[in-house]
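Engineer: Model the structure of this input:
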Amino acid sequence: MKKFYLAVVALAGLVASAFSAPVLMEGIAAIVDGKPIMRSEFLNNLYHFQETPEGAAMTEEQQKQYVLDKLIEEKVLLSRIDRDSIVVGDAEIDQRVTAHLSQLAASQNVNMATLEKAIRSQLGVSMAQYREQLAKQIRSHVETQRVRQRHVGAVSPTKKEVDFFYQTYKDSLPRQYNCVQLSHIQLKIEPDSAIVDSVKRLAENLVDSLNLGIKFELLAKNHSQDSSAEKGGDLGYYRRGLLDPAFERTLDLLKNGQYSSTPVKTDRGWHIVRVLGRKEDGVRSAHILLRTIPTAADSARVLQLADSLRASIKTKDDFSAAAKKFSTDKSSNFAGGLLGWYQKNEMEPAYVDPVSNLNVGEVSEPVEIDGSYHLFRLDDSRQIRELTLEEDYGKIEAMAANHLENEKLNALLKKWREEVHIEIRMTE
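Structural biologist: Below is the predicted model:
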């Protein structure tokens, strides 16, 4: 792109010299609901699109029209973000940027200092500049996702729709490169029952305090063991299905302003739950959380089980049977612990080290990740593979869902384009 920009500047200089008058290379290509699309923005996107296989198959006029339409759609979406009063906080974006960089470093098996040097040498920008660029991209993505959530929602395709999508687009689905097939056994480190019971009694004492008239917000600030304590336990609005099922069932039984008369148990500990308000797509709730924290003895007990299982596993069938019997991961234990295929550069960062030195058929040493011990088995490894319904149904289902969501969004964009003022100023 830099060469292209320099070429444009050089051409501008020649024209200016020939006619003894300055030539304005920047300008406005279009205005959408008061938001300009700059000529430089259009040329930048056009340049990159021309290098794609899709763009290369078009005439120059088709390329220009396609790129301009996409930029107009982006501005129409931005207009909808303003109209819907969608606000994404700086703290959330910063957190997402940090998480992205951590995952990038882990996928390359380097520390942050090495990643920063690579960014500076390969991209010619500082880490601060790279974070700023990344933040803009992530903010745009998050805002667009919020619009999709509000107006499109989540689409759950039927098996018939997934099959149709696969048969229609299978030749253009992305291949996987440098990939591995993994299974795992997850053994959650649970606290001893004595700890669970003692924390429950503390929570019951807090309920008694509420019954005596002490304010919920005050007790939350003084006793709740998570970040919501600073806000008096306020968790904000959550759509149904995003919170723990036991937590949500309790919310359903409460009226606005009421709190649960008995503590509620989840994986995090004991909660005293309160409803602050309701609207169509969610419930605003608060809680006082008392965590049930495992001891070193609890961790040692689970590690001993993991070591014992690893020693007893000789075959893939042994691993599958152990996963079905012992694994606490409900999303994979029924399938013998099968996690599926991963491209190595897209793996969960915590999975990289445990499986990096495994040969096919080997089982890793126990590794602690997020409060559980895991045993990983490398089931297969391939340099290149095609996606199949048999082995990648979840991925293909997600692609089909995204395709259907895009269809709904495109229909909305067509409608929204008619509701805003669009002025095309680009003449060439």
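
Engineer: Show me where the stretch 1-150 of the chain has its strands.
Structural biologist: 28-32, 35-38 (DSSP state E, counting those that start in this stretch).

Engineer: Redo those as a markdown table? Include distance to Thr168 and mean neighbour count.
Structural biologist: Using the backbone N, CA and C atoms, a C-beta is placed for each residue, glycine as well. Conversion of those to a markdown table gives the following (distance: least, Cβ to Cβ, whole Å; neighbours: other Cβ atoms under 10 Å):
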| stretch | distance to Thr168 | mean neighbour count |
| --- | --- | --- |
| strand 28-32 | 32 | 19 |
| strand 35-38 | 33 | 17 |
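
Engineer: Of all those strands, which one is nearest Leu115?
Structural biologist: strand 35-38 (31.9 Å; Cβ to Cβ).

Engineer: strands paired with that closest one, and their directions?
Structural biologist: When pairs are called by DSSP bridges, strand 35-38 turns out to pair with strand 28-32 (antiparallel).

Engineer: rewinding a little: adding distance to Asp163 and mean pLDDT, write the strands of the stretch 1-150 of the chain out as JSON lines.
Structural biologist: JSON lines is the format used below for the strands of the stretch 1-150 of the chain (distance: least, Cβ to Cβ, whole Å; pLDDT from 0 to 100):
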{"stretch": "strand 28-32", "distance to Asp163": "38", "mean pLDDT": "90"}
{"stretch": "strand 35-38", "distance to Asp163": "40", "mean pLDDT": "88"}
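
Engineer: Need those strands in TSV (columns: distance to Ser320).
Structural biologist: Output for these, formatted as TSV (distance: least, Cβ to Cβ, whole Å):
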stretch	distance to Ser320
strand 28-32	55
strand 35-38	55
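
Engineer: Looking at the ones you listed, which is nearest to Gln63?
Structural biologist: Closest among the strands of the stretch 1-150 of the chain, using Cβ to Cβ: strand 28-32, at 13.9 Å.

Engineer: For that closest one, give me every contacting residue.
Structural biologist: 36-39, 41-42, 68, 71-72, 75-76, 79, 420-426 (Cβ atoms under 8 Å, 6 or more residues apart in numbering).

Engineer: Filter those down to the ones in helices?
Structural biologist: Counting by DSSP state H, the part of those found in helices is Arg39, Glu41, Phe42, Leu68, Leu71, Ile72, Lys75, Val76, Ser79.

Engineer: returning to what we had before: to Gly89, which of the strands of the stretch 1-150 of the chain lies closest?
Structural biologist: Here strand 35-38 is closest among the strands of the stretch 1-150 of the chain (Cβ to Cβ), at 21.9 Å.

Engineer: Now do the closest one: everything it contacts.
Structural biologist: Glu26, Gly27, Ile28, Ala29, Ala30, Ile31, Leu68, Leu71, Ile72, Lys75, Leu78, Ser79.

Engineer: starting at the chain centroid, how far to that strand?
Structural biologist: Put simply, strand 35-38 sits 29 Å off its chain's centre (Cα atoms, centre = their mean, to the nearest Å).

Engineer: CSV for the contacts of strand 35-38, including distance to Asp94?
Structural biologist: What follows is those, written out as CSV (distance: Cβ to Cβ, whole Å):
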residue, distance to Asp94
Glu26, 31
Gly27, 34
Ile28, 32
Ala29, 32
Ala30, 32
Ile31, 32
Leu68, 33
Leu71, 27
Ile72, 30
Lys75, 26
Leu78, 21
Ser79, 26
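
Engineer: and which of those residues is nearest to Thr98?
Structural biologist: Leu78 (25.2 Å).

Engineer: show me the residues around the closest one that make contact.
Structural biologist: Lys35, Glu143.

Engineer: now do Glu397
Structural biologist: With Cβ under 8 Å, 6+ apart, Glu397 has these contacts: Pro157, Val162.

Engineer: Any buried residues in stretch 88-98, and which?
Structural biologist: The neighbour-count check on stretch 88-98 (16 or more other Cβ atoms under 10 Å) flags Val88, Ile93, Arg96, Val97 as buried.

Engineer: ok, the most centrally placed residue in the chain to Val142 distance?
Structural biologist: The centre of the chain sits closest to Arg96, judged by Cα atoms, centre = their mean, with a distance of 8.8 Å. Using Cβ to Cβ, to the nearest Å, Arg96 is found at 7 Å from Val142.

Engineer: least trustworthy helix or strand in the chain by mean pLDDT?
Structural biologist: Sorting the helices and strands of the chain by mean pLDDT, DSSP states H and E puts helix 2-19 at the bottom, at a mean of 34.

Engineer: just checking, Arg239 touches Asp281?
Structural biologist: Yes: in this structure, Arg239 is within contact of Asp281 by Cβ atoms under 8 Å, at 5.4 Å.

Engineer: and the closest residue to Arg425 other than its chain neighbours, bridged to which residues?
Structural biologist: Leaving aside its sequence neighbours, Arg425 sits nearest to Ile28 (Cβ to Cβ, 6 or more residues apart in numbering; 5.2 Å). For Ile28, the beta-bridge partners under DSSP bridges are Met38.

Engineer: so how far is Leu303 from Ile28?
Structural biologist: 64 Å.

Engineer: again, but for Thr315
Structural biologist: 23 Å.

Engineer: who's more crowded, those two?
Structural biologist: Between Thr315 and Leu303, counted using other Cβ atoms under 10 Å, the more crowded position is Leu303 (15 against 9).

Engineer: Which helix or strand lies directly C-terminal to the host helix or strand of that one?
Structural biologist: Taking DSSP states H and E as the criterion, Leu303 maps to helix 296-312. For helix 296-312, the succeeding helix or strand toward the C-terminus, using DSSP H and E, is helix 316-326.

Engineer: between that next one and helix 296-312, how big is the angle?
Structural biologist: Comparing the axes of helix 316-326 and helix 296-312 via axes from the mean of the first three to the mean of the last three Cα atoms, to 10 degrees yields an angle of 150 degrees.
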